[in-house]
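S.K.: coordinates only, no sequence provided:
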């Protein structure tokens, strides 16, 4: 058993509570990780919607962790104590999608990632009273000093890269960049419009630039975000509130080869389909509750898909992104602002207010082997 100072969400509308929880020893296929830092992703706020049932809270969220392996359970061979790892989404490893190298399409994705429990319904953390706490969010629940992760959702990385930088690669940055590089396979000279330039959208912008895209249009309501998009590689930036938005994006041309929506807003998703050229592909990733409605004829020559985690194979893709970052071709660290774990509520508020693009929570120091 390991004690961990962790952020626990106990109320849908209340603040996080920084508490000492007890983390179980790693079981088969698991590892105990001393978390250095964790990115805060918009998907973490799904925990506040009440859509996972009354038993979901209290919960430890967080699914963009990075840290050091402390101990491994039976059967774990790919990592060892002392290894630096990035934590990412979990997958079963045995379904057809996993067996063919597409873990983001795992048949049990929701069961492994969105229930907050192991697939068998068990958790791995208890609070000071001994009561269970939801503790397997995306197979990690990394808003704390220590967490259990699975061998399948750990990516071993070199010790020459600061862990505080790496966490966001596990979900948000991976999602945006992967949508461009893995799903769209954007080719040099092609065009893309990115709707919503938060961390996910800006990762797509940077990946599009690295791909040699001919035109990269960034669409956002926030002028500062549009300016950042231009700095990171967008060739044009368009105000999302423009009444002639579709025309502004097309700019007299036939439309975009690829569109990418991070907002999940019905009207924005519809515009992302509308501005496609023929052929064209629209990729959706927004974690909202809106429904996309389109007339079938409007899809002639176009495809629309919803993508989890950028269609990534994390053990391949995360090292690839680190390599691009080292070469100065993918400066995702420019998006990060660090907060101590105790300021998690401020980080969340700043995110919702658009004051910060990618908050990263830095954990209080915990001695190795504690």
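M.R.: Received the coordinates, thanks. Bear in mind that the values here come from a model prediction, so they are computed numbers and not experimental data.
S.K.: leaving out the residues flanking it, which one is nearest to residue 221?
M.R.: residue 240 (4.6 Å; C-beta to C-beta, 6 or more residues apart in numbering). Placement of C-beta: from N, CA and C, glycine included.
S.K.: go on, residue 364?
M.R.: Closest to residue 364 by C-beta to C-beta, 6+ apart is residue 5, at 5.6 Å.
S.K.: let me know whether the one you found touches residue 145 as I believe.
M.R.: Yes: using C-beta atoms under 8 Å, residue 5 is in contact with residue 145, at 5.1 Å.
S.K.: which one of those two is surrounded by more residues?
M.R.: Between residue 5 and residue 145, counting by other C-beta atoms under 10 Å, residue 145 is the more crowded of the two (24 against 16).
S.K.: I'd guessed the more buried one sits against residue 32; true?
M.R.: No: counting by C-beta under 8 Å, residue 145 stays clear of residue 32, with 10.9 Å between them.
S.K.: for the residue located most distally from the centre of the chain, phi and psi?
M.R.: Most distant residue from the mean C-alpha position of the chain: residue 252, 34.3 Å away (C-alpha atoms, centre = their mean). When quoted as degrees, to the nearest 10, the phi and psi of residue 252 stand at phi 80, psi 0.
S.K.: got it, and residue 154?
M.R.: phi -110, psi 130.
S.K.: contacts only, for it.
M.R.: By C-beta atoms under 8 Å, 6 or more residues apart in numbering, the contact list for residue 154 reads 31, 33, 69, 78-79, 85-88.
S.K.: bridging residues for it?
M.R.: Going by DSSP bridges, residue 154 is paired in beta bridges with residue 87.
S.K.: ok, now residue 239?
M.R.: Beta-bridge partners, per DSSP bridges, of residue 239: residue 220.
S.K.: give me the neighbour count for it.
M.R.: For residue 239, the count of nearby residues is 14 (other C-beta under 10 Å).
S.K.: so what's it scoring on pLDDT?
M.R.: Residue 239 carries a pLDDT value of 98.
S.K.: same question, residue 23
M.R.: 97.
S.K.: show me the contacts for it.
M.R.: Going by C-beta under 8 Å, 6+ apart, residue 23 touches 1-4, 32, 124-125, 135, 146-148.
S.K.: try 6 Å this time
M.R.: Going by C-beta atoms under 6 Å, 6 or more residues apart in numbering, residue 23 touches 2, 4, 125, 146.
S.K.: most neighbours of all the residues you listed, which one?
M.R.: Going by other C-beta under 10 Å, residue 125 tops the contacts of residue 23 with 26 neighbours.
S.K.: that one and residue 268: what is the separation?
M.R.: Look at residue 125 and residue 268: by C-beta to C-beta, to the nearest Å, they are 37 Å apart.
S.K.: same check, this time on residue 86
M.R.: From residue 86 to residue 268 the distance is 30 Å (C-beta to C-beta).
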